[in-house]
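**Q** need a structure here:
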Amino acid sequence: MREHTEGIRVRERQSDPESAEFDVDLVSDVRLIGRAVAYLSERCRAFAFEGSLVDLNLRVSVTEALANAILYGNREDPEKTVRMEARINPTAITVRVIDGGPGFDPDDVPDPTHEDRLESPRGRGVFLLRRLMDEVEYNEEGNVVRLVLRREEG
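**A** Predicted coordinates for the structure are as follows:
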């Protein structure tokens, strides 16, 4: 395990030349999200995942997932951490974001595109995840989200 920057700890789990697996633990401070996402993006580029998939879809989705974990899951408790587990292989990027909160039911989050919800900020993060990623799955408790982004063909 090594310190990547203050408040963030990175641990490589695999050194296979065809893939990468690593964990990023960060304290519940939204100011650290950019650093964690930048590290993930850098590792994706090392495996030739580039362009709008990484620069928009992945960055926005992981930023939202980490922000939700820190703000709503951990309630910005500095004693709690958020873990981002990532696996990059030739066909996909898989990221799991895990918080220490009680979780939530993603099916209870209102649709932010509904006419009477347009001014409400609630539900936009979950909506974005579902639109930008190829797969979004929550565990039963709702404190772990798994995001998958597949490489574009062509």
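**Q** tell me how far the helix of greatest length in the chain is from the chain's mean position?
**A** Counting by DSSP state H, the longest helix found in the chain is helix 33-46. Averaging C-alpha positions (CA atoms, centre = their mean, to the nearest Å) puts helix 33-46 11 Å from its chain's average.
**Q** and stretch 49-59, by the same measure?
**A** 13 Å.
**Q** span of that stretch from start to end?
**A** 12 Å (CA to CA, to the nearest Å).
**Q** begin at 92 from now on, thanks
**A** Renumbered: residue one is now 92, and that last one reads stretch 140-150.
**Q** outside of that stretch, which residues touch it?
**A** With contact meaning CB atoms under 8 Å, 6 or more residues apart in numbering, stretch 140-150 is reached by 128, 131-132, 135-136, 179, 184, 186, 223-224, 240, 242-243. Where C-beta positions appear, they are placed from N, C-alpha and C, glycine not excepted.
**Q** in CSV: those, plus neighbour count.
**A** Formatted as CSV, these follow (neighbours: other CB atoms under 10 Å):
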residue, neighbour count
Val128, 21
Leu131, 23
Ser132, 17
Cys135, 21
Arg136, 14
Ile179, 25
Ile184, 26
Val186, 23
Leu223, 19
Met224, 23
Leu240, 22
Arg242, 16
Glu243, 9
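**Q** okay if I get those as a markdown table plus pLDDT?
**A** Output for those, formatted as a markdown table (pLDDT from 0 to 100):
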| residue | pLDDT |
| --- | --- |
| Val128 | 97 |
| Leu131 | 96 |
| Ser132 | 95 |
| Cys135 | 94 |
| Arg136 | 91 |
| Ile179 | 96 |
| Ile184 | 97 |
| Val186 | 98 |
| Leu223 | 95 |
| Met224 | 97 |
| Leu240 | 97 |
| Arg242 | 91 |
| Glu243 | 79 |
